[in-house]
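Trainee: coords below, sequence missing:
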């Protein structure tokens, strides 16, 4: 019997690759997406389309009410999304307080309820500089807690924790994935802006792989 896992699936490049990585491993996947009031909730439409195509169970949970507790992020508040690379201090404006701990906690609870023994999510090394909840020490400690928080232990799996965005893309391209099925831009407009940290990192990953990004940019 194949392993069953909940995949935290935003609709972006990383979680798209993680989802297919899990499927490649023979995992029986259930996708879980969150509407936390992000201005780029367009990514959720991409996630839904992929899951329909793959006939994967997909749940979108509206937790936007928590934003009254989590102020100060340009992804959820009326604050301009900064332009520039992830390494720049300005990108700290895109940090949503405690986001991944909240999302992982809900995903672990869902895993227990559907008798899944793992939760997959797309933390990677490119996020380490800005996002504390994507760093190895956070994942390790959350994984330790998830083993004892319920009667049923749940493992947190981050296949690309120590990989760059370029390496993730390389693996996805090797799997034959179409990244036109993903949305990365922090501005949820008709076309990707090409200027925010998320867009810049995505474009750099494609350039490093000698590939063309199928998304349209402003």
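Mentor: Everything's here; your move. None of the values given here were measured: they were computed from a predicted structure.

Trainee: model confidence over stretch 192-200, on average?
Mentor: On average, the pLDDT along stretch 192-200 is 90.

Trainee: how about the strands in the protein?
Mentor: Using DSSP state E, the strands of the chain run over residues 4-8, 28-35, 58-62, 118-120, 155-157.

Trainee: Please convert those to JSON lines, extending it with mean neighbour count, distance to residue 185 and mean pLDDT.
Mentor: No exception for glycine: its C-beta is placed from N, CA and C like everyone else's. JSON lines is the format used below for the strands of the chain (neighbours: other Cβ atoms under 10 Å; distance: least, Cβ to Cβ, whole Å; pLDDT from 0 to 100):
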{"stretch": "strand 4-8", "mean neighbour count": "24", "distance to residue 185": "19", "mean pLDDT": "98"}
{"stretch": "strand 28-35", "mean neighbour count": "21", "distance to residue 185": "17", "mean pLDDT": "96"}
{"stretch": "strand 58-62", "mean neighbour count": "15", "distance to residue 185": "19", "mean pLDDT": "96"}
{"stretch": "strand 118-120", "mean neighbour count": "25", "distance to residue 185": "23", "mean pLDDT": "98"}
{"stretch": "strand 155-157", "mean neighbour count": "20", "distance to residue 185": "27", "mean pLDDT": "97"}
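
Trainee: which helices and strands sit right next to the longest helix anywhere in the chain?
Mentor: When the chain is parsed with DSSP state H, its longest helix is helix 99-113. Judged by 3 or more Cβ pairs under 8 Å, 6 or more residues apart in numbering; DSSP states H and E, helix 99-113 is in contact with strand 4-8, strand 28-35, strand 118-120, helix 136-146.

Trainee: Just the residues contacting that helix, thanks.
Mentor: Helix 99-113 is contacted from outside by 5-6, 8, 30, 32, 34, 36, 59, 61, 63, 66, 70, 116-119, 121, 123, 131, 133-134, 138, 142, 146, 149-150, 152, 154, 156, using Cβ atoms under 8 Å, 6 or more residues apart in numbering.

Trainee: which of the residues in it are buried?
Mentor: Within helix 99-113, the residues scored as buried using 16 or more other Cβ atoms under 10 Å are 99, 100, 102, 103, 104, 105, 106, 107, 108, 110, 111, 112.

Trainee: just the angle between it and helix 136-146, please?
Mentor: 30 degrees (axes from the mean of the first three to the mean of the last three Cα atoms, to 10 degrees).

Trainee: Could you check how far helix 99-113 is from the centre of its chain?
Mentor: Relative to its chain's centre, helix 99-113 lies at 13 Å (Cα atoms, centre = their mean, to the nearest Å).

Trainee: Just put the helices and strands packed on helix 99-113 in a markdown table and tack on distance to residue 211.
Mentor: Shown next, in a markdown table, are the helices and strands packed on helix 99-113 (distance: least, Cβ to Cβ, whole Å):
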| stretch | distance to residue 211 |
| --- | --- |
| strand 4-8 | 24 |
| strand 28-35 | 25 |
| strand 118-120 | 24 |
| helix 136-146 | 28 |
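
Trainee: Compare these and give me the one nearest residue 183.
Mentor: Nearest of the helices and strands packed on helix 99-113 to residue 183, taken as Cβ to Cβ: strand 28-35 at 11.9 Å.

Trainee: What is the closest one packed up against?
Mentor: Using 3+ Cβ pairs under 8 Å, 6+ apart: strand 28-35 touches strand 4-8, helix 13-24, helix 42-54, strand 58-62, helix 99-113.
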